[in-house]
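# What follows is a predicted structure for the sequence shown.
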Protein chains: 2
Amino acid sequence: MYKIKVHVYLKENILDPQGKAVTNALHQLGFNEVQTVRVGKYFQLFTDNVDDIESRIKSMCQKLLVNEVIEDVDFTIENAA
Amino acid sequence: MYKIKVHVYLKENILDPQGKAVTNALHQLGFNEVQTVRVGKYFQLFTDNVDDIESRIKSMCQKLLVNEVIEDVDFTIENAA
């Protein structure tokens, strides 16, 4: 069994109001060392078949998981056997 | 500048209907090798001050970022200077 960890997050130049809200909440709780927070999505995909998996994942991202206009993505593949 | 990557995801025994919907959508698109998807949150925290940061992050998670009844968390700290 392989575990693919996919991170999807807003591009740097895109405003992130959710992240801003989290930043403000952390400051109110006294965590003033945190300057910025950006909030994204984290997909864990599980599969046994890793034939051609890198290009398959890129295709999944393009077709479903990522809005490439505003989001960036990175992923790692781990053997979770 | 340090970048802290925080992953928050549902515990294994908690149903994930959002993940199930993503799994079904991937299957409809022909990505049948994906058996399960779990959807979580991905926070990127930026800070210059890493004094006592591990325990500070654990505290942020307990107080704001994570619902420990149903969610697990892991994090990594990177020098993003």
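The structure has been received and is ready for your questions.
# What residues sit buried inside the biggest strand by length in chain A?
Criterion DSSP state E: the longest strand present in chain A is strand A:34-47. Buried residues in strand A:34-47, counted by 16 or more other C-beta atoms under 10 Å in any protein chain shown: A:34, A:37-47. Just so you know, the C-beta spots here come from the backbone N, C-alpha and C atoms, and that holds for glycine as well.
# contacts with chain B among the residues you listed, please.
Applying C-beta under 8 Å from any C-beta of the partner chain to the buried residues of strand A:34-47, one finds that A:34, A:37-47 fall near chain B.
# residues in contact with the top helix by length along chain A?
Looking across chain A with DSSP state H, the single longest helix is helix A:17-28. The contact list for helix A:17-28, computed with C-beta atoms under 8 Å, 6 or more residues apart in numbering or on different chains, reads A:10, A:34-39, B:43, B:60, B:64-65.
# can you do 10 Å?
Helix A:17-28 is contacted from outside by A:9-10, A:16, A:31-40, B:41, B:43-46, B:60, B:63-65, using C-beta atoms under 10 Å, 6 or more residues apart in numbering or on different chains.
# try stretch A:67-77
So stretch A:67-77 is contacted by A:2-15, A:40-41, A:43, A:45, A:47, A:50, A:53-54, A:57-58, A:60-62, A:65-66 (C-beta under 10 Å, 6+ apart).
# Mind doing that once more with 6 Å?
Stretch A:67-77 is contacted by residues A:2, A:4-11, A:14, A:57, A:61, A:66 when judged by C-beta atoms under 6 Å, 6 or more residues apart in numbering or on different chains.
# cool, and stretch A:33-40?
Residues from elsewhere that reach stretch A:33-40 (C-beta under 6 Å, 6+ apart): A:8-9, A:16, A:18-19, A:22-23, A:26, B:42-47, B:49.
# Dump that stretch to PDB, restricted to CA.
Extracted C-alpha coordinates of stretch A:33-40, given in PDB (Å, rounded to 0.1, in the frame of the first residue of the first chain):
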ATOM      1  CA  GLU A  33       5.300  35.200  17.000                       C
ATOM      2  CA  VAL A  34       3.200  33.900  14.100                       C
ATOM      3  CA  GLN A  35       3.400  36.400  11.300                       C
ATOM      4  CA  THR A  36       1.300  34.800   8.600                       C
ATOM      5  CA  VAL A  37      -0.800  31.700   8.200                       C
ATOM      6  CA  ARG A  38      -1.900  30.300   4.800                       C
ATOM      7  CA  VAL A  39      -4.600  27.600   4.800                       C
ATOM      8  CA  GLY A  40      -4.600  24.800   2.300                       C
END
